[in-house]
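1. Need a 3D model of the sequence below.
(one chain, ligands or ions: 1)
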Amino acid sequence: MTQILPEVYLDYSDILIRPKMGINLNSRRDVDLKRVFKFKHGGMRTGLGVFNANMATVGNFVVAKKLLARGMFATVHKHYSVDEIGEFLTNAATENISLDNLFITIGLRDIDGEIQKLKDLELKYNWKNTRNICIEAPNFYIPNALGALQRVREAFPDAVIMVGNIASPDICLKLLDYADIIKCGIGSGSACLTRKQTGCGVPMVSLILECADVAHSVGGHICADGGIVDVGDICKALCLNADFVMAGGIFAGTDEAEGNIIERNFETPEIIDGVHVIETKRFKRYYGMSSVYANNKFAGGMADYKTSEGRELMIPYTGAIDNVLQDITGGIASCCTYIGAASVKHMSKCATIIHVHNQLNRVFENYSV
Ligand code: 5GP
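-> Below you'll find the predicted structure:
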């Protein structure tokens, strides 16, 4: 018989972090934002566990460089060629940007080809020093996924390997036999249509709790992917015991995201000399990796057995990514001072989470300037 689980699964908007007395932390400057990650299969990396999504729009070299420069983690998307990635690695090294936290994304479809691509990168561009791999599939439950992961692990025994996406704890142990980080989140992304098109998905808060519990029990790590609306949601994910957080939409309106600024004119209610005043607003295009747009761009069109599980959006232009990155580091540091956590590593130990019905006061939301 089909069962409905009695527990209500929660999302970021259903919770808040309760401020409380903690250790003596007088300033946000005193918070240690870096954490040392010791991975299950031997690798070690240091940084603030925030990733840009490995999407064509925000998983580009410019965005990656910005996150790395801030001591965060970064991905580049799977559609770059060996030479494009190699050139980026060479240039970044001359600019003194550490590539230790850079993850190169590969897909599942042609795993032999993808392994060869990484081998070429190693041979031609000495990628060895910075070997982190993200194996990406919208649905990592497909039977071929585990075998492909195993092949990548055999080919790169020392690499830090992140895989996903999944949305249940049952698969985590299996994947952690070969992977270091499990990317959790199905249907939460801002450019995602999976829940609409398939009815499948799990709210992020409960998902993080379930997957972190299982992964941590065997020395694995998790990355909470998708659904970050505000910086506060990154803080919540870290407090819930996510080791890493991945976000796309919050970077999508920036100068550094793919594509040009698009200007659109809107008629305002204000009338001067009998004519409505026109306001020009600026946007950037953000599209899901399973959208029709992405399929046309990278796969020569939409295959006839598929439905689009991603959408194409016009995101308000938000300027330099540095402002967003500063909001992230500032927001996390401030969260730590509210809960008395001296470092990001301590956030989950210090946080008390409350279930709420009203998260934000939105009364003047439409009046922002
Ligand atoms: P966001 O931060 O914008 O809420 O979510 C970013 C995440 O959405 C990505 O890291 C990825 O996991 C997911 N995503 C990206 N493109 C698509 C898509 O076309 N369909 C679905 N279902 N998810 C997507």
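2. Which residues of the stretch 151-300 of the chain lie near the ligand?
-> Residues of the stretch 151-300 of the chain found near the ligand (CB under 6 Å from any ligand atom) are 165, 185, 189-192, 194, 225-228, 246-249, 288-291. Where you see a C-beta, it was placed from the backbone N, CA and C, and this is true even at glycine.
3. at 5 Å what do you get?
-> 189-190, 192, 194, 225-226, 228, 247-249, 288-290 (CB under 5 Å from any ligand atom).
4. Just the ones of those in strands?
-> Applying DSSP state E to these, the entries found in strands are D225, A247.
5. farthest pair in the residues of the stretch 151-300 of the chain next to the ligand?
-> Spanning the widest gap among those are I228 and S290, at 18.9 Å by CB to CB.
6. between the two, which one's more packed in?
-> I228 (28 against 23; other CB atoms under 10 Å).
7. surely the more buried one meets I234?
-> Yes. Assessed by CB atoms under 8 Å, I228 is found in contact with I234 at 5.8 Å.
8. Report the set of residues contacting both of those two.
-> In terms of CB atoms under 8 Å, 6 or more residues apart in numbering, I228 and I234 are both contacted by the residues V245, A247.
9. quick one, phi/psi of the closest residue to G42 other than its chain neighbours?
-> Distances taken as CB to CB, 6 or more residues apart in numbering place D158 nearest to G42, at 6.5 Å, with adjacent residues excluded. Backbone torsions of D158, given as degrees, to the nearest 10, read phi -90, psi 0.
10. Repeat that for D213.
-> phi -60, psi -50.
11. any idea how far it is from P169?
-> 7 Å (CB to CB, to the nearest Å).
12. Counting neighbours, what do you get for the residue nearest to G42?
-> A total of 9 residues lie near D158 under the criterion other CB under 10 Å.
13. longest helix anywhere in this protein?
-> Assignment by DSSP state H gives helix 321-339 as the longest helix of the chain.
14. Please identify the buried residues of that helix?
-> Using 16 or more other CB atoms under 10 Å as the test for burial, helix 321-339 gives 321, 324-325, 328-329, 331-333, 335-339.
15. Skip the chain neighbours and tell me the closest residue to L67.
-> A74 (4.3 Å).
16. Next, K306: phi, psi?
-> The phi and psi values for K306, taken as degrees, to the nearest 10, are phi -110, psi 160.
17. Next, find the distance separating the residue nearest to G42 from M44.
-> 11 Å.
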